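Peer 1: Kindly return the folded structure for what I paste below:
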Amino acid sequence: MSPTIDIVTERVKLGEGPHWDIPTQTLYYVDILGQTLHKYVPSTDTHAKVRIEGGPIGFAVPVEGKKNTFVIGLGRKIEEIVWDGVSSHVQHTKTLAAVDNEEGFTNNRFNDGKADPTGRLWAGTMGPEPVVGQLEPYKGTLYTLDCNQVKAHLKTISISNGLAWNVQLKKMYYIDSPLRTVDQFDYDMVKGEICNKKVIFDFERNNIPGIPDGMTIDSDGNLWVAVFSGARLLKVNPNTSELLTTIHFPAQQITSATFGGPNLDELYVTSAQLVIDGKTQPAPAGAVFKVTGTGSKGVPCVNVKL
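Peer 2: Reported below is the predicted structural model:
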């Protein structure tokens with residue numbers, strides 16, 4: 001059976017960071033450039049959003065054990081916010097950390113972030129992009145926030161992106177988008193350390209257009225990689241580097257994906273409608289898509305532990 005693609009939300013500028021909250025059966029995601037956190041409840045087909053001042057919102061992850069509380073990347077800051085999911089404003093904000101404070105890096109921003117299987121936050125930055133598509137490269141860093149301590153793990157990153165973990169194999173997967181590769185690291189879950197970088201999927205070798213963006217992992221250990229400027233989502237076996245499945249979308253700028261639904265067998269896929277080189281992206285670009293019938297199931301998204 002071929003996968004079915006449905007449009008489930010309104011269009012945004014730069015949709016990213018989808019996170020499925022199991023207890024509430026809710027999808028959260030951000031519009032980075034629109035500076036908004038979004039909430040979509042499929043069972044009631046309701047959609048709410050809140051604008052947060054202070055810069056682009058690179059990611060938003062719920063906090064374990066704290067109702068209506070999120071950790072977000074706001075510009076170069078990691079903030080804790082409280083939002084009831086209904087109001088047009090947040091109820092509380094608190095700065096947890098600020099990064100890239102050195103001269104020459106203060107125009108950076110967070111671009112993607114997730115909690116690893118222990119609840120430790122991994123989040124990366126990217127350099128300034130004064131014109132969309134014209135990036136200052138090699139200015140980003142991949143950080144962790146653990147016990148209120150920020151630690152840098154990878155530097156000279158251009159666009160810090162997709163994150164996923166395989167606990168059984170002790171691997172972490174990561175994307176620096178302009179490299180056009182998906183990379184694997186050995187992952188020490190207890191210490192929160194990574195080493196031994198290895199390319200496990202190369203866009204150039206596989207003749208894939210566009211660049212890798214966000215990604216998620218399924219219960220079989222396969223990666224689902226969003227392709228920006230490629231109008232597709234790739235299912236990749238990281239152990240064999242084999243491309244297993246390609247799902248094409250009616251939007252060029254596919255940005256990320258997560259599994260959701262009561263059985264974690266629905267893929268929620270974010271997209272963007274950025275104007276690049278004068279080209280405007282038509283509808284439904286910028287919408288969230290729901291994909292069913294993939295035959296795959298995800299693993300639960302993890303909330304941040306503070």
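
Peer 1: who touches K114 in this structure?
Peer 2: By Cβ atoms under 8 Å, 6 or more residues apart in numbering, the residues touching K114 are 17, 19, 59, 61, 121-123, 163-164, 301-302. C-beta coordinates here come from the backbone N, C-alpha and C atoms, glycine included.

Peer 1: What distance do you get for it to W165?
Peer 2: 9 Å (Cβ to Cβ, to the nearest Å).

Peer 1: out of the contacts of K114, which one sits closest to N107?
Peer 2: Closest to N107 out of the contacts of K114 is A123 (17.3 Å), distances taken as Cβ to Cβ.

Peer 1: ok, now how distant is the closest one from P209?
Peer 2: 28 Å.

Peer 1: Ok, Q91 next?
Peer 2: Separation of Q91 from P209 (Cβ to Cβ) stands at 43 Å.

Peer 1: Same check on G75?
Peer 2: 31 Å.

Peer 1: go on, G261?
Peer 2: Distance, G261 to P209, using Cβ to Cβ: 30 Å.

Peer 1: W83 too?
Peer 2: Using Cβ to Cβ, one gets 37 Å for the distance from W83 to P209.

Peer 1: Could you check which of those two is surrounded by more residues?
Peer 2: W83 (24 against 12; other Cβ atoms under 10 Å).

Peer 1: for the stretch 1-150 of the chain, what spans make up the strands?
Peer 2: With DSSP state E, counting those that start in this stretch, the ranges of strands along the stretch 1-150 of the chain come out as 4-7, 15-21, 26-31, 36-41, 46-51, 57-62, 69-74, 77-82, 92-98, 109-115, 121-126, 140-146, 149-157.

Peer 1: in the fifth one, what's buried?
Peer 2: Of all the residues in strand 46-51, those buried under the rule 16 or more other Cβ atoms under 10 Å are 48-50.

Peer 1: now swap in the third one and tell me
Peer 2: Neighbour-count burial for strand 26-31, counted by 16+ other Cβ under 10 Å, picks out 26-31.

Peer 1: Columns distance to P128 and pLDDT on top of the residues you listed, output as a markdown table?
Peer 2: What follows is those, written out as a markdown table (distance: Cβ to Cβ, whole Å; pLDDT from 0 to 100):
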| residue | distance to P128 | pLDDT |
| --- | --- | --- |
| T26 | 33 | 98 |
| L27 | 30 | 98 |
| Y28 | 27 | 98 |
| Y29 | 23 | 98 |
| V30 | 19 | 98 |
| D31 | 19 | 98 |
